[in-house]
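S.K.: what's the 3D shape of this:
(4 chains)
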2 protein chains.
Amino acid sequence: MIPDNTKCSCEQCELKTLFFSHVTLDTLSDICEIKIEKNFSKGNIIVQEGEPIREFMYLKDGLVKLSKMASDGKDQILSFSKPFDFVSLFSVFSSDTYNYSVTAIEDSTTCILDLDNVKRIAQSNAMFAMDLMSRFSTATDFIIQENLDIKRKHLRGRIAHVLLYFSKRIYGCTSFELPISRREIAEYIGMTTENVIRTLSEFRKDKILKIYGKDIAIVDLKRLQNISEHG
Amino acid sequence: MIPDNTKCSCEQCELKTLFFSHVTLDTLSDICEIKIEKNFSKGNIIVQEGEPIREFMYLKDGLVKLSKMASDGKDQILSFSKPFDFVSLFSVFSSDTYNYSVTAIEDSTTCILDLDNVKRIAQSNAMFAMDLMSRFSTATDFIIQENLDIKRKHLRGRIAHVLLYFSKRIYGCTSFELPISRREIAEYIGMTTENVIRTLSEFRKDKILKIYGKDIAIVDLKRLQNISEHG
DNA sequence: AAGTTGTTATGATAATTATCATAATGTAAT
DNA sequence: ATTACATTATGATAATTATCATAACAACTT
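M.R.: Numbering: from 1, shown residues only, chains lettered A, B, ... in the order given. Next up is the predicted model:
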């Protein structure tokens, strides 16, 4: 972890309009005065499940995974979040401890606000509260939808789905460096690590992908989409 | 469907304190004046996915399922909701159409408010908005958690899980009438109808359950809990 | 009463996926 | 450089789950 109280200018913050469009400039500067930016290197834990929630946190840069440890000690990955998605999203308004862990899977920067402060603003500024609710609803809806989608697919379809997710939603490119290990893919889509590796190898042999370690290039996009949908 | 503009007294409504504890009595009577109660018999559709959201609806009595049709035409069940959970919960603040269908699986009563009205109140009354957010967050968190839990289990564990869910969370009793068919159980936990039936038969042969059609009695609770957790 | 339809039920078989074993490669620490 | 450890990789086998076939039964229609 690289805690770092870097100064950043809220005037130029691209997240401002998204989160605080219904907050006055005065209120905004109140919030920003006490904000803290923290950097996390790839692999470091940002929040740990079970910890008390004291902060209101969002992701400014990077990529994170949300996960939870099952009673058998195995991790399950819920979803991935990129900037403009919240980090301390879920539990904040319904629990006083984090239900999930958040881990940086790329070097990430979070902006941390005082939770009581944010709650106070939400309580007095209903438009802001509605904005939060709307973003919250969109994010959780996506997770639920994604889980349903993965659930109905076989191994090949699941792997195709994940690759298309990173390609389209995260990187916007058919070539990318996979930010997670094969084991983490398995933890996300509910299959064994061996079968993730095997299926990726199959896709390579079928000339759907080119693979060099974590570097992936989707060669036959149509076929991959077809496998994701019907394979 | 049995639409029915029954008069009900909001003064006595047990949901009032839950939903509207931060709303003035004047506002409350404004809301209640234009409320509509509707009854739905078991099996009837309350809202259909894709339809525009015009109403703010909550479940006053009964039991419903939330489902979505996959691209292959098969239904998937997201979750079940009982009173005190919202019905038109999810999509309301993030979408203008329903993402999921809601169907009565027991005779149910919904109370319907004008959506714009509710939104207006939420925008001007931040405590109310926060209440909504908190309930929303709790409900979605439960769905996500439940899906994770089911995902990591085998068939027997999943069936045990569902039976314990209905026993503990819905009926509060080890004997109950299953409100859904074997096929619907399959749609909820992601397995085939045949295997649901087979697994229930196994539990009967193992003297864990007594089964007469949809009437279920859990005979060996400890064993069922053990199967749910480790089986 | 006969027919249609959907649910529950069970068995045989095929397909899918997990487990176990082994090894090559890569990465970090000493 | 060497050890230690995790990741990637592949094959053989076992376990799990789905598919297909068939049938009993109930609910409902005609």
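
S.K.: Tell me how far A:Arg183 lies from A:Asp75.
M.R.: Distance of A:Arg183 to A:Asp75, given as CB to CB, to the nearest Å: 9 Å. The way it works is simple: take the backbone N, C-alpha and C, and place the C-beta from them, glycine included.

S.K.: joint contacts of these two?
M.R.: Residues touching both A:Arg183 and A:Asp75 (CB atoms under 8 Å, 6 or more residues apart in numbering or on different chains): none.

S.K.: which residues touch A:Arg223?
M.R.: The contact partners of A:Arg223, by CB under 8 Å, 6+ apart, come to A:206, A:208.

S.K.: Tell me if I am right that it is in a helix.
M.R.: Yes: membership of A:Arg223 in a helix is supported by DSSP: H, G, I helix; E, B strand; the rest coil.

S.K.: Tell me the predicted confidence for it.
M.R.: For A:Arg223, the pLDDT comes out at 98.

S.K.: Next: A:Phe19.
M.R.: Note on A:Phe19: pLDDT of 66.

S.K.: Could you pull up phi and psi at A:Gly50?
M.R.: phi 100, psi -20 (degrees, to the nearest 10).

S.K.: what's the distance between it and B:Leu164?
M.R.: Computed with CB to CB, the distance linking A:Gly50 and B:Leu164 is 24 Å.

S.K.: neighbour-wise, which of those two wins?
M.R.: B:Leu164 (18 against 11; other CB atoms under 10 Å in any protein chain shown).

S.K.: okay but the more buried one is in contact with B:Ser228, surely?
M.R.: Yes: using CB atoms under 8 Å, B:Leu164 makes contact with B:Ser228 at a distance of 5.6 Å.

S.K.: Note down every partner strand of the helix or strand harbouring A:Gln76 and its orientation.
M.R.: A:Gln76 is part of strand A:75-81, with elements assigned from DSSP states H and E. Sheet pairing here is set by DSSP bridges, and for strand A:75-81 it gives strand A:55-69 (antiparallel).

S.K.: buried stuff in the strand it pairs with?
M.R.: Neighbour-count burial for strand A:55-69, counted by 16 or more other CB atoms under 10 Å in any protein chain shown, picks out A:55-60, A:62-68.

S.K.: and the least confident of these?
M.R.: Minimum pLDDT across those is recorded for A:Tyr58, with 86.

S.K.: Now for the nearest residue to that residue once chain neighbours are set aside, how many residues are close by?
M.R.: In space, and not counting its chain neighbours, A:Tyr58 is closest to A:Phe86: 5.2 Å by CB to CB, 6 or more residues apart in numbering or on different chains. Under the neighbour criterion other CB under 10 Å, A:Phe86 is assigned a count of 17.

S.K.: Tell me the residues of chain A that contact DNA strand D?
M.R.: Contact residues (CB under 7 Å from any atom of the strand) of chain A with DNA strand D: A:181-183, A:193-194, A:197-198, A:200-201, A:211, A:213-214.

S.K.: Please go through those residues and note which also touch chain B.
M.R.: Counting by CB under 8 Å from any CB of the partner chain, the subset of these that neighbours chain B is empty.

S.K.: Just checking the strand or helix carrying A:Ile112 against DNA strand C, any contact.
M.R.: Assignment of secondary structure by DSSP H and E places A:Ile112 within strand A:101-114. No: judged by CB under 7 Å from any atom of the strand, strand A:101-114 stays clear of DNA strand C, getting no closer than 13.4 Å.

S.K.: Quick one: distance of that strand to the chain centre.
M.R.: Chain-centre distance of strand A:101-114: 10 Å, with CA atoms, centre = their mean, to the nearest Å.

S.K.: before we move on, what about stretch A:222-229?
M.R.: Taking CA atoms, centre = their mean, the mean C-alpha location of stretch A:222-229 is offset from the chain mean by 24 Å.

S.K.: follow-up on the earlier one: quick check, the residue nearest to A:Tyr58 in contact with A:Ala139.
M.R.: Yes: counting by CB under 8 Å, A:Phe86 does reach A:Ala139; the two are 6.6 Å apart.

S.K.: re the thing from before, widest-spaced pair of the buried residues of strand A:55-69?
M.R.: Largest separation among those by CB to CB: A:Lys60 and A:Lys68, giving 23.9 Å.

S.K.: returning to that earlier point: in the next helix-or-strand element following the strand holding A:Ile112, what counts as buried?
M.R.: Next along the chain after strand A:101-114, taking DSSP H and E as the criterion, comes helix A:115-124. For helix A:115-124, the neighbour count (16+ other CB under 10 Å) marks A:115, A:117-119, A:121-123 as buried.

S.K.: What is the nearest of those to DNA strand D?
M.R.: Of all those, the one with the least separation from DNA strand D (CB to the nearest atom of the strand) is A:Leu115, at 32.4 Å.

S.K.: Help me confirm that the closest one comes into contact with A:Val92.
M.R.: Yes: contact criterion CB under 8 Å: A:Leu115 and A:Val92 qualify, at 7.0 Å.

S.K.: Need the residues touching each of these two.
M.R.: A:53, A:56.

S.K.: quick one: A:Ala126 and B:Ala122, what's the gap?
M.R.: 6 Å.

S.K.: Can you name the residues that contact the residue nearest to A:Gly62 when sequence neighbours are not counted?
M.R.: The shortest distance from A:Gly62 to any non-neighbouring residue, by CB to CB, 6+ apart, is to A:Ser108 (2.6 Å). By CB under 8 Å, 6+ apart, the residues touching A:Ser108 are A:39-40, A:42, A:46, A:59, A:61-64.

S.K.: and with 10 Å instead?
M.R.: A:38-42, A:44, A:46, A:59-64, A:81-83, A:87, A:102 (CB atoms under 10 Å, 6 or more residues apart in numbering or on different chains).

S.K.: what do you get for A:Ile105?
M.R.: Listed by CB under 10 Å, 6+ apart, the contact partners of A:Ile105 are A:42-44, A:62-65, A:77, A:80-81, A:178-181, A:184.
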